[in-house]
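Q: Generate a structure from the sequence data that follows.
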Amino acid sequence: MNQLFPVFLKLEHLHVLLVGGGNVGLEKLTALLANSPEARVTVVATYFLPEMQQLASDRVLLHERAFQWEDLDEKDLVILATDDRALHAAICEKTRRMRLLTNVADTPDLCDFYLSSVVRKGDLKIAISTNGKSPTVAKRLREFLTDVIPDNIQDILDNLTVIRNRIQGDFKEKVDQLNKLTEGLIHKKPE
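A: Got it, this is the predicted structure:
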């Protein structure tokens, strides 16, 4: 059973350390920036793909050198994306003592959290997890949900926000009214 607790982070308020400048590092950095364009990310690697160098900015700092323990200072999240499992294990041992949440690419047993496959349409964002077992299944589900969620979902969300702000009553009354308004939004399969 998947016992992961889903959460959405405001990365613009956090500082992420990414170790690795190759294909996996690029994939992780691209995902971070696609979901949180204002994320602050420091990337440390002995080399960088040209595509990663193009992502450097005042919020994405690239340090072309080997990882140093000081790189963990003042960071909130750590993502490891090299091909050096021994380095990953050593860093994880230290980050656990420092209480820094760490993700290790393709190594679920070393992870404190997993990066999800994400469906995004306007303000709607759905994260999909397979508990680290099959990123491919998560990707396929993302593709499916992207196709079936209506393109006008942002209009629906905007209208519901206006309605929610106008509804009077206590919390339960508001929830009941919003449930009635949205019950036809998703069509259930006939039994």
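Q: residue nearest the centroid of the protein?
A: residue 115 (5.2 Å; CA atoms, centre = their mean).
Q: does that residue count as helix, strand or coil?
A: Under DSSP: H, G, I helix; E, B strand; the rest coil, the three-state class of residue 115 is coil.
Q: ok, residues contacting the lowest-mean-pLDDT helix or strand in the chain?
A: The helix or strand of the chain with the lowest confidence, counting by mean pLDDT, DSSP states H and E, is helix 171-182 at a mean of 85. Helix 171-182 has contacts (CB atoms under 8 Å, 6 or more residues apart in numbering) with 160, 163, 164, 167, 169. Backbone N, C-alpha and C define where each C-beta goes, glycine included.
Q: can you tell me which two in those residues are farthest apart?
A: 160 and 169 (16.2 Å; CB to CB).
Q: okay, the two: which has more neighbours?
A: Taking other CB atoms under 10 Å, residue 160 and residue 169 do not tie; residue 160 has more neighbours (14 against 10).
Q: How much space separates the more buried one from residue 185?
A: Distance, residue 160 to residue 185, using CB to CB, to the nearest Å: 9 Å.
Q: Check residue 97 too.
A: Using CB to CB, residue 97 is found at 47 Å from residue 185.
Q: in this protein, which ranges drop under the pLDDT threshold?
A: Applying pLDDT under 70 to the chain flags residues 186-191.
Q: repeat that for 90
A: For the chain, the stretches flagged by pLDDT under 90 are 1-4, 106, 108, 114-117, 129-136, 156, 160-161, 163-191.
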